[in-house]
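Q: Show me how the following folds:
(one chain, ligands or ions: 2)
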Amino acid sequence: MSAESCTFCRIASGEAPAIIVRQGERIIAFRDAHPVAPVHILIVPVRHLASINEVIASDVELLGEMLVLARDVAAREGVDQTGYRIVVNTGREAGQTVHHLHMHFLAGRQMSWPPG
Ligand code: 5GP
Ligand code: ZN
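A: Ligands and ions are numbered 1, 2, ... in the order given. Coordinates of the predicted model:
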């Protein structure tokens, strides 16, 4: 999918609206349009990567930064002590619907396990 037609590329470039939580050079975080938890934030690399399947060794730092950002989001949202879940749906059976890599940051309610 080209960057022009990718929803998350359009949000990252400012072309499409979103409630931005954090905008960095390499990573953006914004609120999910259809939250499934009281806190539902998407942590997204600015560069278009379709999924974890496209990650290469030189992306290790980027992936690490996404987790560090998740930690900061947890503190800022006040859920670092109550708990949160980070989910990366990859592919059809996992329910990935947007083909631009993203971490779901979910918090604010009791989660169950295993996930559906
Ligand atoms: P996936 O199912 O691919 O793991 O997650 C995609 C997520 O992106 C869904 O939770 C969906 O609600 C969210 N989403 C899809 N389109 C938009 C959009 O245009 N803006 C925002 N903020 N979230 C979106
Ligand atoms: Zn994209």
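
Q: so what's the backbone phi/psi at Ala16?
A: With angles defined as degrees, to the nearest 10, Ala16 sits at phi -110, psi 150.

Q: Which neighbouring elements make contact with the longest strand seen in the chain?
A: The longest strand of the chain (DSSP state E) is strand 39-45. Packing contacts for strand 39-45, counted by 3 or more C-beta pairs under 8 Å, 6 or more residues apart in numbering; DSSP states H and E, involve helix 7-12, strand 27-31, helix 60-76, strand 103-107. Quick note: C-beta positions are derived from backbone N, CA and C, even for glycine.

Q: repeat that with 10 Å
A: helix 7-12, strand 20-23, strand 27-31, helix 60-76, strand 84-87, strand 103-107 (3 or more C-beta pairs under 10 Å, 6 or more residues apart in numbering; DSSP states H and E).

Q: That one pairs with which strands, parallel or anti?
A: Sheet pairing for strand 39-45, assigned by DSSP bridges, gives strand 27-31 (antiparallel), strand 103-107 (antiparallel).
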